[in-house]
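> pasted the sequence and its predicted model underneath.
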Amino acid sequence: MEIKFTKASQLKEKPDFNKLGFGKYVTDYMFVMDYDHEQGWHDPQIVPYDEFMMDPRCVTLHYGLETFEGMKAYRTADDRIQLFRPEMNAKRMIKSNERLCLAEVPEDMFVEAVKALVAIEKDWVPNLPETSLYIRPVTYASECSIGVHPPKSCRFYVILSPVGCYYPEGVNPVKIYVEEEYVRAVIGGTGFCKCGGNYAASVKAQEKAQKMGYTQVLWLDGVHREYVEEVGTMNVMFKIDGKVVTPPLEGSVLPGITRDSIIHVLKDWGYEVEERRLSIHELMEAARTGRLEEAWGTGTAAVISPIGELNYRGEIVTVSDFKTGELTQKLYDFLTGIQWGKIEDPYGWTVEV
Ligand SMILES: *Cc1c(COP(=O)(O)O)cnc(C)c1O
């Protein structure tokens, strides 16, 4: 792929890497590439970060024909810059786009675009503990028409944001509200896709939980409102009686790359991992009887986020005495150790830029 590069007339001043927050800053450049039926994907470019002009008829604004990815570039102690399993993000976006009838970005093009942009912006990869360069690839339908149909034209773009910890409270246990009124996804819908529509349907529940003093919601399945699915925008895992239980990928749960990596690591460490349906009643009973040893969410943004409290129908249970569990911490240290190059990567998951 031949990527055209347009140099910015002036570069931005870098922010204080101690005060990055999450998603507050963007870098100098972005990757943009367009698709239509006649030309396929064409004109890949790296251009100065700027606004898009958009016709008010753009179908994405009306029908939400949009998918995205979330990944990170990490700076190692010896100043290398590496990605974590980027081909998995590329593959997942292909599946998301397929479901939404958006043009699929071939895996090699996706990875090449990300690598090329990060390489140009390498000075933006922060060097402090817990910091990284967040990468946000997006596909949206760029066609202008009022009707609903598979779009004839799409745009794929990638932007970058230097970030610190996802939660302002850092890697500390969070309080979770078990949501029964609203659901995130159903089998047959788009739960397995990383698409904006899933998030549009979820912010109401998040608002409700936050008003009650909770950081996030625990989603139950859309049919029975009984089986645990995800926690906020993360996959969820529970250590019960020494085994790790996590909901299976049946169509309503997002196939997280962190989830996949953690399952791999746990099995290598000799843990039994059960990918199976877990009812909220079974979970609450395990919590009441002290068999729920640890609980955590997994996702690229926060990596591992310990769960310290669950509220289901007003019954409140505490997990691991509201402390980060031993296994939770060990997994966090191991995975982030690989990502920041502090420990050797035994799996070949890291890709140097
Ligand atoms: C992105 C996302 C995850 C986590 O996926 P990772 O690949 O681990 O970052 C989990 N659930 C939802 C709903 C997501 O959007």
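Alright, I've got the coordinates.

> show me this structure divided up by domain.
4-163, 174-339 (automatic domain parsing).

> what helix or strand is Gly191 on?
Remark: Gly191 resides in no helix or strand, with elements defined by DSSP states H and E.

> so it makes contact with Gly251?
Yes - with contact defined as Cβ atoms under 8 Å, Gly191 reaches Gly251; the gap is 6.1 Å. Using the backbone N, CA and C atoms, a C-beta is placed for each residue, glycine as well.

> out of the domains of the chain, which is closest to the ligand?
Nearest of these to the ligand, taken as Cβ to the nearest ligand atom: domain 174-339 at 3.1 Å.

> quick revisit: which one's more surrounded, Gly191 and Gly251?
Per other Cβ atoms under 10 Å, whichever of Gly191 and Gly251 has more neighbours is Gly191, with 25 against 14.

> that older thread, as JSON lines, the domains of the chain with mean pLDDT would be great.
Formatted as JSON lines, these follow (pLDDT from 0 to 100):
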{"stretch": "domain 4-163", "mean pLDDT": "96"}
{"stretch": "domain 174-339", "mean pLDDT": "97"}
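
> just put the ones you listed in a markdown table and tack on distance to the ligand.
Listed next are those as a markdown table, based on distance: least, Cβ to the nearest ligand atom, whole Å:
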| stretch | distance to the ligand |
| --- | --- |
| domain 4-163 | 5 |
| domain 174-339 | 3 |
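
> quick one: closest of these to Thr350.
With distances scored as Cβ to Cβ, the stretch of the domains of the chain nearest to Thr350 is domain 4-163 (4.5 Å).

> how far off centre is the closest one?
Averaging C-alpha positions (Cα atoms, centre = their mean, to the nearest Å) puts domain 4-163 14 Å from its chain's average.

> would you map the strands across the stretch 201-350 of the chain?
Counting by DSSP state E, counting those that start in this stretch, one finds strands in the stretch 201-350 of the chain at the ranges 216-220, 228-231, 235-240, 243-246, 273-275, 292-299, 303-312, 315-318, 350-352.

> direction included, what does the fifth one pair up with?
Read that as strand 273-275. strand 243-246 (parallel) (DSSP bridges).

> can you check the longest one too?
Strand 303-312 has the following strand partners under DSSP bridges: strand 174-179 (parallel), strand 292-299 (antiparallel), strand 315-318 (antiparallel).

> now do that strand against strand 216-220, angle only.
Interaxial angle of strand 303-312 relative to strand 216-220 (axes from the mean of the first three to the mean of the last three Cα atoms, to 10 degrees): 70 degrees.

> and the helices in the stretch 51-200 of the chain?
59-63, 86-99, 107-120, 196-200 (DSSP state H, counting those that start in this stretch).

> any chance of these in JSON lines, plus mean neighbour count and distance to Val244?
Formatted as JSON lines, these follow (neighbours: other Cβ atoms under 10 Å; distance: least, Cβ to Cβ, whole Å):
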{"stretch": "helix 59-63", "mean neighbour count": "18", "distance to Val244": "38"}
{"stretch": "helix 86-99", "mean neighbour count": "19", "distance to Val244": "20"}
{"stretch": "helix 107-120", "mean neighbour count": "19", "distance to Val244": "30"}
{"stretch": "helix 196-200", "mean neighbour count": "17", "distance to Val244": "25"}
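
> right, and the ones you listed - which one's nearest Asp79?
Checking the helices of the stretch 51-200 of the chain against Asp79 by Cβ to Cβ gives helix 107-120 as the closest, at 13.9 Å.

> check which helices and strands that closest one sits against.
Secondary structure elements in contact with helix 107-120, counted by 3 or more Cβ pairs under 8 Å, 6 or more residues apart in numbering; DSSP states H and E, are strand 29-36, strand 40-48, strand 81-84, helix 86-99, strand 132-141, strand 153-163.

> mind running it again at 6 Å?
When contacts are defined as 3 or more Cβ pairs under 6 Å, 6 or more residues apart in numbering; DSSP states H and E, helix 107-120 packs onto strand 29-36, helix 86-99, strand 153-163.

> so what touches it?
Met1, Ile3, Tyr29, Phe31, Ile46, Ala73, Pro86, Glu87, Ala90, Ile135, Val158, Val353 (Cβ atoms under 6 Å, 6 or more residues apart in numbering).

> please indicate which of these are buried?
Ile3, Tyr29, Phe31, Ile46, Ala73, Pro86, Ala90, Ile135, Val158, Val353 (16 or more other Cβ atoms under 10 Å).

> and the furthest pair within the residues you listed?
Among those, Tyr29 and Ala90 lie farthest apart (Cβ to Cβ), at 20.0 Å.

> not counting sequence-adjacent ones, nearest residue to Pro150?
Leaving aside its sequence neighbours, Pro150 sits nearest to Cys101 (Cβ to Cβ, 6 or more residues apart in numbering; 3.7 Å).

> and the gap between that neighbour and Phe22?
31 Å (Cβ to Cβ, to the nearest Å).

> who's more crowded, these two?
It is Phe22, of Cys101 and Phe22, that has more neighbours when counted by other Cβ under 10 Å, with 16 against 12.

> may I have the secondary structure class of the more buried one?
coil (DSSP: H, G, I helix; E, B strand; the rest coil).
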